[in-house]
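S.K.: need coordinates for the below:
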Amino acid sequence: MHEAPAPTAVLFGLRGCLVQAAKGSPLPAPGALDTLASLHAQQVPCIWLDELDSEHSTALTAVLPSWLPGHAANGSPWPSPNACWQALMSLSSARLDGCVLVSGEPRLLQAGLNAGLWTVGLATCSPSCDQTSNRWQAMSVQEQELARGKSTLELFGLGVHSVIDHLEALDTCLADIAHRRRKGEKP
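M.R.: Numbers count the residues shown, from 1 in each chain. Predicted coordinates for the structure are as follows:
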C-alpha cells in the first residue's frame, strides 16, 4: 500500500488561524498551533495570506509561530490567483501538485481554485459565522449550527474540495486529499 503523499505546501487564510479575543486582541484559532506544529514537524512548507497591509498583519500574527512566513496580497485583488502563486514562489514551491489552500474567506478560496490548488473551506471562519460579532453571540446554539450548515453549503457551492469546521480537523482532511491524489485526482 502506498503511503499518502504529504501536501507540497499549505497556504492559510490568516483569519482562519486567528480568532479575536473579547478585548479585540488576536488569539490562535482552536487547533491552529497544533496543526501548524504538525505540518512544521513533517517539513511541509506553510504560509499565511491576507489582504491586510504589513502593519496590521504583523500585529495580528504575533501569536503565531515565528517560523511561519506571511504574504500580504498586493496587486490584483482576490479572486485573482496571483497572491496564491506569489506565496508559493516565496516558499520556493517546486510544483502546484499537492498544494492546499485553507480558508473561510470565499474570495480567497476562489483565488485558490483559480490558481489550481486543492481548497479546504473553514465553515466556522466564513463571513456568515463571525464568532466575534454581536449577531453571532446573540444566536442560540441551534441558530449557530444552522449558520455553520449554511456556511458549509455555501463553501461547497464555490467548488471547494473539502469543508471542515475548524483547523483541528485538518489532518483528516489532508489525509483524504492525499488519498484522492494517490488515485490520480487533480484539483
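S.K.: only C-alpha atoms for contact and neighbour calcs from this point on.
M.R.: Will do.
S.K.: surely residue 152 meets residue 123?
M.R.: Yes. Under the criterion of Cα atoms under 8 Å, residue 152 makes contact with residue 123 at 5.3 Å.
S.K.: overlap in contacts of these two?
M.R.: Jointly contacting residue 152 and residue 123 under the rule Cα atoms under 8 Å, 6 or more residues apart in numbering are 163-164.
S.K.: ok, these two, which is more surrounded?
M.R.: residue 123 (28 against 21; other Cα atoms under 10 Å).
S.K.: if I look at residue 52, how far off is residue 172?
M.R.: Going from residue 52 to residue 172 by Cα to Cα, to the nearest Å gives 30 Å.
S.K.: between the two, which one's more packed in?
M.R.: Per other Cα under 10 Å, whichever of residue 52 and residue 172 has more neighbours is residue 52, with 15 against 11.
S.K.: any idea how far the more buried one is from residue 29?
M.R.: 18 Å.
S.K.: identify each buried residue in stretch 71-87, please.
M.R.: Neighbour counts over stretch 71-87 (16 or more other Cα atoms under 10 Å) mark 71-73, 78-85, 87 as buried.
S.K.: distance from that stretch to the middle of the chain?
M.R.: Distance, stretch centre to chain centre, for stretch 71-87: 14 Å (Cα atoms, centre = their mean, to the nearest Å).
S.K.: repeat that for stretch 155-172.
M.R.: 9 Å.
S.K.: for that stretch, what does the pLDDT average out to?
M.R.: What stretch 155-172 shows for mean pLDDT is 94.
S.K.: now that stretch - C-alpha only, CSV.
M.R.: Extracted C-alpha coordinates of stretch 155-172, given in CSV (Å, rounded to 0.1, in the frame of the first residue of the first chain):
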residue,chain,number,x,y,z
LEU,A,155,-18.4,26.9,0.6
PHE,A,156,-19.1,23.7,-1.3
GLY,A,157,-21.2,25.8,-3.7
LEU,A,158,-18.0,27.7,-4.5
GLY,A,159,-16.4,24.4,-5.6
VAL,A,160,-14.0,23.8,-2.7
HIS,A,161,-12.7,20.3,-2.4
SER,A,162,-13.5,19.8,1.3
VAL,A,163,-15.1,21.8,4.2
ILE,A,164,-14.3,21.4,7.8
ASP,A,165,-15.5,23.3,10.9
HIS,A,166,-12.1,24.2,12.3
LEU,A,167,-8.4,23.5,11.9
GLU,A,168,-8.5,20.6,14.4
ALA,A,169,-10.0,18.5,11.6
LEU,A,170,-7.3,19.5,9.0
ASP,A,171,-5.2,16.3,9.5
THR,A,172,-8.1,14.1,8.4
